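K.L.:
This is a predicted model, with the sequence first.
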Amino acid sequence: MADTHRTAPRSPPPAAHPLARMMRGGASPARAPARDACDHSGVADAPLPAGWTLQQIRDRSGDQEAVALDPHRAVTWVGDVTGVKETLRPVIVLGFHSLCLVKTVDHTWYMGSLYENGSIDCWAGCNSLDDGLRGL
């Protein structure tokens, strides 16, 4: 599926971006969605899905700035129609600016919002990583 909302190349990410500080361990207290131009330094050791390279993920998603993020963060399922929230245990987190895909310990994939403080609210389930990447 073509990504039609991205028409212009992005400028280089600012070094002082709040998400960049969060990636280096200094969480921002704000709970606003992450901005488009993010510095993801310090995430080189974050796990990738088995059989996938970061370039394959970028190619499939259409986002050449996609990153693998440290899974040690607060992740909550908020997609329950009853309003019940559930804490998820992520093993893989892939960031796509203010969106993300999360694989949990039970091998389920979720899509959600990535906030500047590093937390994630998941609001949709995915059948597979491939389905999630196509749904971005």
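P.N.:
Cool, the structure landed.
K.L.:
Going by C-alpha atoms from here, please, whenever you check contacts or count neighbours.
P.N.:
OK.
K.L.:
For this structure, which segments are assigned as strands?
P.N.:
Taking DSSP state E to define them, one finds strands in the chain at 67-69, 75-77, 86-88, 90-96, 99-104, 109-114, 120-126.
K.L.:
same for the first one, what does it pack against?
P.N.:
When you say that, I think you mean strand 67-69. Packing partners of strand 67-69 (3 or more CA pairs under 8 Å, 6 or more residues apart in numbering; DSSP states H and E): strand 90-96.
K.L.:
which residues are in contact with the strand it packs on?
P.N.:
Strand 90-96 is contacted from outside by 46-49, 63, 65-72, 75, 100-105, 114, using CA atoms under 8 Å, 6 or more residues apart in numbering.
K.L.:
circling back to that earlier point, among the strands of the chain, which is nearest R134?
P.N.:
strand 120-126 (10.1 Å; CA to CA).
K.L.:
buried residues in stretch 115-133?
P.N.:
115-122, 125-126, 129, 132-133 (16 or more other CA atoms under 10 Å).
K.L.:
Endpoint to endpoint, that stretch covers what distance?
P.N.:
With CA to CA, to the nearest Å as the measure, stretch 115-133 spans 19 Å from end to end.
K.L.:
From here on, call the first residue 41.
P.N.:
I'll keep to 41 as the first residue from here, and by that count the last item is stretch 155-173.
K.L.:
Great, nothing more from me.
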